[in-house]
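Participant: what follows is a predicted protein model with its sequence.
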Amino acid sequence: MPRQRYYSPQIKRFLITCLYFQAKAEKVSMTVLTNRLLENVLRHGDGWTKAREMNPQATNPPKHRPKVDRGFKILNIARRLAMSLALIWLYVYASLKQIFVQPENTG
């Protein structure tokens, strides 16, 4: 059975560029931004009402997961690495101190 084909409009290159920079500024994907813009414009029109009558579930799409800030991940990795290196240094220092420091003879 052949797949149903939908009309896919061609969007002007300039508008795609605008979407790209706006999405980057808002730290969301271009798809999320485009969906949000179109929903805000079309929500109160006749097309929205007719489309909702045809498919009532289409107005409640699944929620998108927020993107994880990679800078925060890198910072956490750097902190853990620094802590590990500090602990290794303390261990080596304590070990060397025991080896090279002679106990004082009292008596």
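Facilitator: It's in.

Participant: only C-alpha atoms from now on, for both contacts and neighbour counts.
Facilitator: OK.

Participant: next one: stretch 82-99 to chain centre, how far?
Facilitator: 37 Å (Cα atoms, centre = their mean, to the nearest Å).

Participant: just stretch 4-16 next, same as before
Facilitator: With Cα atoms, centre = their mean, you get 26 Å for stretch 4-16.

Participant: so how far does it reach from one end to the other?
Facilitator: Using Cα to Cα, to the nearest Å, the end-to-end distance of stretch 4-16 comes to 26 Å.

Participant: pLDDT on it, on average?
Facilitator: What stretch 4-16 shows for mean pLDDT is 84.

Participant: identify the residues contacting that stretch?
Facilitator: The contact list for stretch 4-16 (Cα atoms under 8 Å, 6 or more residues apart in numbering) is empty.

Participant: next one: phi and psi at residue 12?
Facilitator: phi -60, psi 140 (degrees, to the nearest 10).

Participant: distance across stretch 56-75, terminal residue to terminal residue?
Facilitator: Using Cα to Cα, one end of stretch 56-75 lies 44 Å from the other.

Participant: dump the residue contacts of residue 29.
Facilitator: Counting by Cα under 8 Å, 6+ apart, residue 29 makes contact with residue 23.

Participant: how much space between it and residue 56?
Facilitator: Applying Cα to Cα to residue 29 and residue 56 gives a distance of 26 Å.

Participant: residue 12 too?
Facilitator: Plainly put, residue 12 is 30 Å away from residue 56 if you go by Cα to Cα.

Participant: ditto for residue 3
Facilitator: As judged by Cα to Cα, residue 3 and residue 56 stand 22 Å apart.

Participant: please apply the same query to residue 81.
Facilitator: Counting by Cα to Cα - residue 81 and residue 56 are separated by 51 Å.

Participant: still on that earlier bit, residue 12 and residue 56: which is more packed in?
Facilitator: Neighbour count, other Cα atoms under 10 Å: between residue 12 and residue 56, residue 56 has more, with 11 against 8.

Participant: give me the number of residues near residue 40?
Facilitator: Neighbour tally, residue 40, other Cα under 10 Å: 10.
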